[in-house]
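Participant: prediction below, plus the sequence it came from.
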Amino acid sequence: MDNAADTEKKKDAFAGVRKKLIAMRENLIRESKAEIGNILLKDDKYNGVSDDGDIADIACRDSVQAAQYSRHLARLRAIDEALLRIDEGRYGTCEDCEEKISLGRLNAVPFALRCVDCQEQHERESSESEG
């Protein structure tokens, strides 16, 4: 089988995953827009604020929303990368060991880059370099 036909076969095999990823992407975009709107609505947030504690509370909520937005952005990038891997016929293959990622893992984390073993190793190495 030639490479183009193999790529098309893989794309067809993951058509359901593609739909799931696109739905996840749309939900994240919708949530992100709402979070950005909440952060930017400063006029209403500070009306009736009576002391520094209220201001600190609002700032804390803004910080939490900004962190959530940042996580959404990272997940959106991961979803876009997964969609690209489907298009290129690379989806479902571990980026580290190049073995197939289990279907259970792909169902749980459809944008996974690595198999469970390689992901655990990656996380160990990341935590060691941070600490």
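Facilitator: Looks like it came in fine.

Participant: use CA for all of it now, contacts and neighbours both
Facilitator: OK.

Participant: can you give the domain ranges for the protein?
Facilitator: 1-91, 93-131 (automatic domain parsing).

Participant: for the last one, buried residues please.
Facilitator: If you call a residue buried by 16 or more other C-alpha atoms under 10 Å, then domain 93-131 has these buried ones: 93-95, 101, 106, 110-115, 118-119.

Participant: is it true that residue 99 touches residue 93?
Facilitator: Yes. Applying C-alpha atoms under 8 Å, one finds residue 99 in contact with residue 93, separated by 5.6 Å.

Participant: strands of the protein, start to end?
Facilitator: Counting by DSSP state E, the chain forms no strands at all.

Participant: where do the helices of it begin and end?
Facilitator: For the chain, the helices defined by DSSP state H cover 3-13, 15-40, 42-45, 52-88, 103-108, 116-130.

Participant: if we can go back for a sec, which among the buried residues of domain 93-131 gets closest to residue 54?
Facilitator: Nearest to residue 54, judged by C-alpha to C-alpha, of these is residue 111 at 39.5 Å.
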